[in-house]
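In: Fold the following and give me the result.
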Amino acid sequence: MSRRYGGNPAAVIILIAADIAALILVLWIMFFVFEANRANDLVDWVHHAANWLAGWSRDLFTPDNAKWRTVLNYGLPAAVYLLVAHAIAGRVNRA
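Out: Here you go, the predicted model:
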């Protein structure tokens with residue numbers, strides 16, 4: 001695992017947290033696009049977690065197509081979390 005994430009434990013924690021956040025957001029995108037059963041507990045939990053993680057970007061884009069709206073409004077924070085986490089982890093590793 002240290003090879004994937006780098007040597008500094010703080011950097012590893014930052015990257016793992018960002019990976020988990022991005023995974024939750026991508027899971028919600030997939031559940032929405034492929035019309036997963038929203039009554040399912042896992043789908044419901046992922047939806048609530050994704051809403052919290054993407055609170056700052058929800059409704060940033062408002063295309064008419066609901067699937068595109070979900071991809072854009074939940075995909076953006078996933079990308080931002082990964083980019084910011086890698087930048088911060090890189091600085092932590094250099095310190």
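
In: Specify the local secondary structure of residue 62.
Out: Secondary structure, DSSP: H, G, I helix; E, B strand; the rest coil: residue 62 is coil.

In: who's in contact with it?
Out: Taking CB atoms under 8 Å, 6 or more residues apart in numbering, we find residue 62 in contact with residue 69. In this view, the C-beta of every residue, glycine as well, is placed from N, C-alpha and C.

In: Quick check: pLDDT value at it.
Out: pLDDT recorded at residue 62 is 93.

In: which element is residue 21 on?
Out: Element membership of residue 21 [criterion: DSSP states H and E] is helix 9-33.

In: From the rest of the structure, what touches the next helix or strand after that helix?
Out: Later in the chain than helix 9-33, the nearest helix or strand by DSSP H and E is helix 41-53. Residues outside helix 41-53 that contact it (CB under 8 Å, 6+ apart): 21, 24-25, 27-28, 31, 36-38, 58, 74, 77, 81.

In: Check which element follows helix 41-53 along the chain.
Out: helix 66-94.

In: by how many degrees do that next one and helix 41-53 diverge?
Out: For helix 66-94 against helix 41-53, the angle by axes from the mean of the first three to the mean of the last three CA atoms, to 10 degrees is 70 degrees.

In: Alright, calling it a day.
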